[in-house]
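> Got a sequence here, can you model it:
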Amino acid sequence: MKVEIWSDVVCPWCYIGKRRFESALAQFEHRDQVEVVWRSFQLDPQAPQHGEQKTVDMLAEKYGVSAAQAMKMQERVSTLAAEEGLEYHLDQTRHENTFDAHRLIHLAATHGLQAEAEERFFHAHFTEGKALGNNEALTQLAAEIGVPEDEARATLDSDAYADAVRADIRRARAFGVQGVPFFAIDEKYGVSGAQPAELLKDVLEQAWTDAHPLIKVGGTSEDDANACEGDNCAI
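Have a look, this model is predicted:
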């Protein structure tokens, strides 16, 4: 079974959704047969490469609210994140472009480190307040999870994996994805948003059941009559 997850590494709900999905997957009986593929998505493709504006100020402008109200919005998200074991410091985050970060995630995938890159970049942004629009910071973060530093630098100095990032975004549009996180299971089931782990687990089980139907071989209605059902078995 294949699960594709669209997310942006500066999306607070995406990190929460990641933890909830991991919890659902841990409870799923067939988890060892699930392939998880992370897909790129950009909440704001027009965000500056080296953003200096704090996220709280961007939110205040975007929604036409005061800085205090925007901070309240962030506090609510931080509280929900804490319930999933995440430590958010949203007062340190900045509004910046994530295209290059997504390119490095694709590079990491070639080394079998895609999930590790997602986790490291999420943690760097939300917990450590690191700048994901800074090439030096990105290179160091990639190196920390095992991506060769020279490859990370070469990728950032070129347009490598740019087409792969754009292809993920086009694929999201084809599925009608308008927000993230978004989970697509076997290209048949779609779940939008950081839904509770229980719901995600139910969808995994439904998808598995549909992909592996029980096929009854042989037997007649008379054979069915010679079977016990519940507590109605007469001996």
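
> Count the residues that sit near Leu132.
23 (other CB atoms under 10 Å). Placement of C-beta: from N, CA and C, glycine included.

> what residues are up against it?
Shown here is Leu132, whose contacts under the criterion CB atoms under 8 Å, 6 or more residues apart in numbering are Val9, Val10, Glu96, Thr98, Asp100, Ala101, Phe121, Ala124, His125, Leu138.

> mind checking which helix or strand Glu4 is in?
In this structure, Glu4 sits in strand 2-7 according to DSSP states H and E.

> now Met73
helix 67-83.

> Packing partners of that helix?
helix 12-27, helix 55-63 (3 or more CB pairs under 8 Å, 6 or more residues apart in numbering; DSSP states H and E).

> So which of the contacts of Leu132 belong to helices?
Secondary structure from DSSP state H places Asp100, Ala101, Phe121, Ala124, His125, Leu138 of these in helices.

> Distance-wise, check Ser23 relative to Tyr88.
Taking CB to CB, to the nearest Å as the criterion, Ser23 is separated from Tyr88 by 18 Å.

> which of these two has more neighbours?
With neighbours defined as other CB under 10 Å, Ser23 and Tyr88 compare such that Tyr88 has more, 21 against 17.

> got the contact list for that one?
For Tyr88, the contacting residues are Pro12, Gln74, Val77, Ser78, Ala81, Ala82, Phe126, Thr127, by CB under 8 Å, 6+ apart.

> out of these, which are buried?
Burial by neighbour count, 16 or more other CB atoms under 10 Å: within the contacts of Tyr88 this picks out Pro12, Gln74, Val77, Ser78, Ala81, Phe126, Thr127.
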